[in-house]
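1. Provided below for reference: sequence and predicted model.
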Amino acid sequence: MNIQENSISELISAFTNSFPAQEIPRNVLDLAKLCIIDTVGIAYASRSFDFSQTVLKTMTELSGPGTSPVIGQSKGLSMRDAAFCNAALIHGLDYDDTHLDAVTHCSSSLWPVALSVGLETNSPGMKTLVAFIFGTEITARIGIVAEGQLQKLGHHPTGIIGAFGCTITASYLYNLSTIQIQNAIGIVSSMAAGNMEFITEGAWTKRIHPAWAAVSGITAASLAKHNFVGPKRPLEGQFGLFKNLLGKDKRNEIYREINTLGTTWQTLGNAIKPYPACHFNHAFADCALKLKREHKLTSNSIRKITALVHRDQIPVVCEPIVKKRRPANSYEAQFSIPYIISAVFVYNRFTLKELTADALSNPSVLDLATKIYYTDTDRSLYPKYFSGIIIVETTDNQTIEVEVKYNRGSLRNPLSKSEIKEKFSANCANLLGEESSIKILGLLDSLEDLSSLNQIREAITADR
């Protein structure tokens, strides 16, 4: 197939319909399962936060009863509304994985789609896992072409780009034909959305961006299943995605990325988070830990800390600096380099506990945060990796530099399987007993061996 003679949608749909599942490498399958395990644990952790109750109450009112599971809730909802809830629960703490090259959270929308549609179609575990991987491969490639430029223009790629991957996951599970998948990709281009205004106010809307991506993907695939016609060149056409959002013709770049489907596996670029915060901040948190452990500094011995940050990350995690030093709520704190460096230095960790009201008002954290500044740098490897560099000036006139080139959880600095499972157990601890947690973990870890997803449904919705 000559890629210059075919639309991008044709190439994506041909891959989705023809690539043999048995040729997916073992390490891709294994990482995909770890991403799924991670998402489910985060959904449990979210249940104690106020936003989750609002989402669940709202979608229950809109949906009415259904059979599709909501993680940690005994009563099911309709397929799309359950996927909406699960995606919001997974992404709501900003603790879910990020594809670094794409600067996009993939799993938070794709697993809810795979779960809901997989149950609806009575798909076996292996097919559901493949659907999740195919969706990741498409989401990641579209995100890579954006080159980390969407956020600074006010577009959140998790909502926008994620919708395309969700469409592929749903289409694969629905067994759509090649032309139907092309239609579905075109249809979802009119639904994809995600606005970055939340960042200036600490608003809740980011939490539902993957939820809307999930709903959009399921809806687009369902319309295409009944032969609704969509545009065939939504990515590279006259009003294609990148021309509209970036004002650039990215045709050559998207063809280049799509042409690697089945040979390069972008699922391996998913980075599982060690910290509940914007991924841009993670290497800076590790810099602060390294600084404290290796140099034995105290807050009183620090005159000034300067974070060296890539210019495209600065609007998200550094500006306005006054608000970043004194975040008004947990969400603002998760997007603040000054707060996270300071909190890590004071508490020697960064967990969900460092996002409580007590932590946010801790005078020791706030005082140190006033000493933290930023400047742009060309030394960061962003968007390939989310690097962190800090320079510390001490009260006795020392200058200390600490650098973490490859953020933890990334391909070059991955979390171990045991660390990911420990994170899952910790996230489930407040809502699940140990026996239930172990059972769910075991089912997800053996996903490809399950004849259906019914055991998973029963485990994640059992009354506690």
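-> Nice, thanks for sending it over.

2. quick one: low-confidence parts of the stretch 1-150 of the chain?
-> Of all residues in the stretch 1-150 of the chain, those with pLDDT under 70 make up the ranges 1-4.

3. buried set for stretch 36-48?
-> By neighbour count, with 16 or more other Cβ atoms under 10 Å as the criterion, the buried positions of stretch 36-48 are I36, I37, D38, T39, V40, G41, I42, A43, Y44, A45, S46, R47. Where C-beta positions appear, they are placed from N, C-alpha and C, glycine not excepted.

4. those strands in this protein, which residues are they?
-> Taking DSSP state E as the criterion, the chain carries its strands at 68-70, 73-77, 98-99, 270-271, 302-309, 372-376, 388-394, 399-404.

5. can you tell me which of those strands is most buried?
-> Mean neighbours per residue, mean count of other Cβ atoms under 10 Å, is largest over these for strand 98-99, with a mean of 28.

6. can you name every helix or strand that that strand contacts?
-> Applying 3 or more Cβ pairs under 8 Å, 6 or more residues apart in numbering; DSSP states H and E, one finds that strand 98-99 contacts helix 125-146, strand 270-271.

7. can you show me the CA trace of the first one as PDB?
-> Coordinates of the C-alpha atoms in helix 125-146 are reproduced here as PDB (Å, rounded to 0.1, in the frame of the first residue of the first chain):
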ATOM      1  CA  GLY A 125      -9.600 -10.600  27.700                       C
ATOM      2  CA  MET A 126      -7.000 -10.900  25.000                       C
ATOM      3  CA  LYS A 127      -9.100  -9.100  22.500                       C
ATOM      4  CA  THR A 128      -9.800  -6.400  25.000                       C
ATOM      5  CA  LEU A 129      -6.100  -6.000  25.800                       C
ATOM      6  CA  VAL A 130      -5.300  -5.700  22.000                       C
ATOM      7  CA  ALA A 131      -8.000  -3.100  21.600                       C
ATOM      8  CA  PHE A 132      -6.400  -1.100  24.500                       C
ATOM      9  CA  ILE A 133      -3.000  -1.400  22.800                       C
ATOM     10  CA  PHE A 134      -4.300  -0.400  19.400                       C
ATOM     11  CA  GLY A 135      -5.900   2.700  20.800                       C
ATOM     12  CA  THR A 136      -2.700   3.600  22.600                       C
ATOM     13  CA  GLU A 137      -0.700   3.200  19.400                       C
ATOM     14  CA  ILE A 138      -3.000   5.700  17.600                       C
ATOM     15  CA  THR A 139      -3.300   8.200  20.400                       C
ATOM     16  CA  ALA A 140       0.400   8.300  20.900                       C
ATOM     17  CA  ARG A 141       1.200   8.800  17.200                       C
ATOM     18  CA  ILE A 142      -1.200  11.700  16.800                       C
ATOM     19  CA  GLY A 143       0.200  13.200  20.000                       C
ATOM     20  CA  ILE A 144       3.800  12.900  18.800                       C
ATOM     21  CA  VAL A 145       3.000  14.900  15.700                       C
ATOM     22  CA  ALA A 146       1.800  17.700  17.900                       C
END
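
8. for it, packing partners?
-> Helices and strands in packing contact with helix 125-146 are listed as helix 8-18, helix 26-46, strand 98-99, helix 107-120, helix 157-173, helix 241-246, helix 251-258; criterion 3+ Cβ pairs under 8 Å, 6+ apart.

9. re the thing from before, can you tell me which of the buried residues of stretch 36-48 is nearest F134?
-> Proximity to F134 was ranked across the buried residues of stretch 36-48 by Cβ to Cβ; first place goes to I36, at 14.0 Å.

10. check contacts around that closest one.
-> The contact partners of I36, by Cβ atoms under 8 Å, 6 or more residues apart in numbering, come to S107, W111, L129, F132, L444, L447.

11. could I get these as a markdown table with neighbour count?
-> Putting the contacts of I36 into a markdown table (neighbours: other Cβ atoms under 10 Å) gives the following:
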| residue | neighbour count |
| --- | --- |
| S107 | 34 |
| W111 | 33 |
| L129 | 24 |
| F132 | 30 |
| L444 | 24 |
| L447 | 22 |
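
12. neighbours of the nearest residue to P327 once chain neighbours are set aside, just the number please.
-> Counting by Cβ to Cβ, 6 or more residues apart in numbering, the nearest residue to P327 once its immediate chain neighbours are dropped is A333, at 4.0 Å. For A333, the number of neighbouring residues by other Cβ atoms under 10 Å comes to 27.

13. would you agree A333 is in contact with L360?
-> Yes - checked against Cβ atoms under 8 Å, the pair A333 and L360 is within contact range at 6.0 Å.

14. overlap in contacts, those two.
-> When contacts are counted by Cβ under 8 Å, 6+ apart, the set common to A333 and L360 consists of P327.
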